[in-house]
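Trainee: predicted coordinates and the sequence they were generated for:
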Amino acid sequence: NLCDEYWDCLPTFLRTGAPLAKMDSTEQSEAQYVQQVSALAWMMTPAAEVFAKKLGIGTARKALRILDVGGGSGIWSLTCAKHDVDTTVTVSDWPAIVEIAAGFAERMGLGERFDAIPGNYHEADLGQDAFDLALVANVTHIETPEGNVALFRRVRDALRPGGEIAIIDVIPVQPEGELSASLYALGLGLRTESGQVHSAADLQRYLGEAGFGNAVVEPIPAPPFTMGMIVADRGDQRC
């Protein structure tokens, strides 16, 4: 949800198209998200639980090394680790934000299975052939199409052969969430320069351009009913 400050800016935005903040800019991203990351973790916890169950964490998928790109609080990856004692988590995000994620890991009893890669995920060393699963949660909406393709290529390099990527974001695939998704898209205009809600088809195309294969789209049927997931494999059969 947007605070009153953003909605108060709506008349100006409709006249000028100028956002109140630029959360997708390098200069403002860290400071802006430090203010919001804990609230987002609380809001996304029910959906993160559904996501982990849909993936079969602890049953179909076990003992994973998870890379959480732009992970914020780490709620998505830490929830996965909570469901499997042999899964570890590495969160890549701004330095101040990974400190918040480390705090969440400690409170969840997962501190010993938590690691971090501080910095801009477009530039930080994410490793090579190092992870089984990469999560890109609540990130694609602040990236342009070109930015998403570039990020997915970096993520693919960080995955082991046979690894997978899971995108989690506001993806309009649930009728119950259509209004909320529309309001969310409007909110992106108020707080980003180029943020947008990318369709499932567009995200599948970006993944294909980055070398991934077999991208499957599924809704995440939990409040706020705006979230969807796309899981794709590393596309090794194409090599």
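Mentor: Great, that's in hand. Numbers count the residues shown, from 1 in each chain.

Trainee: which parts of stretch 146-156 are buried?
Mentor: Of the residues in stretch 146-156, those with enough neighbours to count as buried (16 or more other C-beta atoms under 10 Å) are 147-152, 154-156. (C-beta placed from N, C-alpha, C; glycine too.)

Trainee: what's the longest helix in this protein?
Mentor: If you go by DSSP state H, the chain has its longest helix at helix 37-55.

Trainee: show me what it is packed up against.
Mentor: Counting by 3 or more C-beta pairs under 8 Å, 6 or more residues apart in numbering; DSSP states H and E, the packing neighbours recorded for helix 37-55 are helix 75-82, helix 95-107, strand 159-170, strand 227-233.

Trainee: strands along this structure, start to end?
Mentor: 65-69, 88-93, 114-118, 131-137, 159-170, 213-219, 227-233 (DSSP state E).

Trainee: and the first one, what's its mean pLDDT?
Mentor: Strand 65-69 shows an average pLDDT of 98 in the prediction.

Trainee: just give me the neighbour total for the residue nearest to residue 160 when sequence neighbours are not counted.
Mentor: The spatial neighbour of residue 160 that comes closest, neighbours along the chain excluded (C-beta to C-beta, 6 or more residues apart in numbering), is residue 129 at 5.0 Å. By the measure other C-beta atoms under 10 Å, the count of residues near residue 129 is 11.

Trainee: where in the protein is pLDDT low?
Mentor: In the predicted model of the chain, residues 1-7, 10-11, 13-14, 19-29, 237-239 satisfy pLDDT under 70.

Trainee: middle-most residue in it, spatially?
Mentor: Centroid-nearest residue in the chain, with C-alpha atoms, centre = their mean: residue 137, separated by 1.2 Å.

Trainee: give me the beta-bridge partners of the nearest residue to residue 117 once chain neighbours are set aside?
Mentor: In this structure, residue 117 finds its nearest non-sequential neighbour in residue 92, 4.1 Å apart by C-beta to C-beta, 6+ apart. Beta-bridge partners for residue 92, by DSSP bridges, are residue 69, residue 117.

Trainee: thinking residue 92 is in contact with residue 123, fair?
Mentor: No: between residue 92 and residue 123 no contact is recorded; they are 10.3 Å apart, counting by C-beta atoms under 8 Å.

Trainee: can you pull the buried residues of stretch 48-56?
Mentor: By neighbour count with 16+ other C-beta under 10 Å, stretch 48-56 contains the buried residues 48-52, 54-55.

Trainee: just the C-alpha atoms of stretch 193-202, please, in CSV.
Mentor: Included here for stretch 193-202 are C-alpha records, laid out as CSV according to Å, rounded to 0.1, in the frame of the first residue of the first chain:
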residue,chain,number,x,y,z
GLU,A,193,10.9,6.8,-13.2
SER,A,194,10.3,3.7,-15.4
GLY,A,195,8.7,1.1,-13.2
GLN,A,196,5.9,-1.0,-14.7
VAL,A,197,3.9,-4.1,-14.1
HIS,A,198,5.3,-6.6,-16.7
SER,A,199,2.9,-9.2,-18.1
ALA,A,200,3.5,-12.9,-17.7
ALA,A,201,4.1,-13.2,-21.4
ASP,A,202,6.7,-10.4,-21.4
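
Trainee: most distant residue from the centre of the chain?
Mentor: Computed with C-alpha atoms, centre = their mean, the residue of the chain farthest from its C-alpha average is residue 15, at 31.1 Å.
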